[in-house]
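Asks: below: sequence and its predicted model.
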Amino acid sequence: MDKRSKTKRQLARINSESNEKLEKKDFTHPVKVRFECNRCGLCCGDTEQKTRHILLLKSEAEKIAFQTCQPIAGFAVEVDGKLPYVYEMKKSGNSKCVFLKNNQCGIYLLRPLICMFYPFDLKFNDEKGTYEFSFTFECPAINQGRLYGRFDFKKLFDAAQERLLNQKIRN
């Protein structure tokens with residue numbers, strides 16, 4: 001079996017499992033956490049403490065390629081073992097995302113789910129049968145700005161549902 005067929009089968013299995021879990025719509029989130037992006041660009045590149053892996057779904061990479069009129073290989077590399085993500089964003093010489101210019105995202109309206117979520121993360125807790133949002137104190141904007149409530153986390157959760165449930169397997 002070739003690598004492409006194996007990846008498609010794995011993606012189909014993961015999508016099926018993700019669909020079942022996401023359809024439950026149960027999630028927990030941090031309370032009394034504040035966040036308002038200060039546009040520092042920390043999340044868009046490597047730091048001394050952390051190497052960023054800006055992962056992309058196949059559909060995200062295809063949309064970015066279409067909108068920017070460049071091949072996926074121009075801004076991303078294929079990755080293995082990160083399903084449902086199949087690409088990782090390339091970085092410029094300063095170890096920042098290739099689309100970050102003057103701390104502004106050049107693909108903001110198309111930004112990957114992983115970028116949309118930062119500084120939050122969403123993981124499935126098998127023991128509890130729910131998704132759990134968490135956040136990183138690495139982001140200097142955590143506990144700055146407005147209070148994030150259930151509505152804000154629901155918007156993120158809905159975005160994850162939409163992108164992951166609509167992830168299509170293509171040749």
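Replies: Arrived safely, thanks for sending. None of these values were measured; they are calculated from a predicted model.

Asks: report the central residue of this protein.
Replies: Nearest to the geometric centre of the chain sits Ile114, at 1.6 Å (CA atoms, centre = their mean).

Asks: looks to me like it is in a helix.
Replies: Yes. Assessed by DSSP: H, G, I helix; E, B strand; the rest coil, Ile114 belongs to a helix.

Asks: how about it, nearest residue that isn't a chain neighbour?
Replies: Leu55 (5.4 Å; CB to CB, 6 or more residues apart in numbering). All C-beta spots, glycine's among them, are computed from the backbone N, C-alpha and C.

Asks: OK, contacts around that neighbour?
Replies: 79, 82, 85, 87-89, 112, 114 (CB atoms under 8 Å, 6 or more residues apart in numbering).

Asks: beta partners for it?
Replies: Glu88 (DSSP bridges).

Asks: by pLDDT, give me the weakest of the contacts of Leu55.
Replies: Within the set of the contacts of Leu55, pLDDT is lowest for Lys82 (90).

Asks: about what we covered before: mind checking how far the residue nearest to Ile114 is from Cys139?
Replies: 18 Å (CB to CB, to the nearest Å).

Asks: Gly45 too?
Replies: Distance from Gly45 to Cys139, by CB to CB: 13 Å.

Asks: ok, Ile64 next?
Replies: 23 Å.

Asks: which of these two has more neighbours?
Replies: Set side by side, Ile64 and Cys139 show more neighbours around Ile64, with 23 against 18, by other CB atoms under 10 Å.

Asks: and the more buried one, which of the three is it?
Replies: With three-state DSSP as the criterion, Ile64 reads helix.
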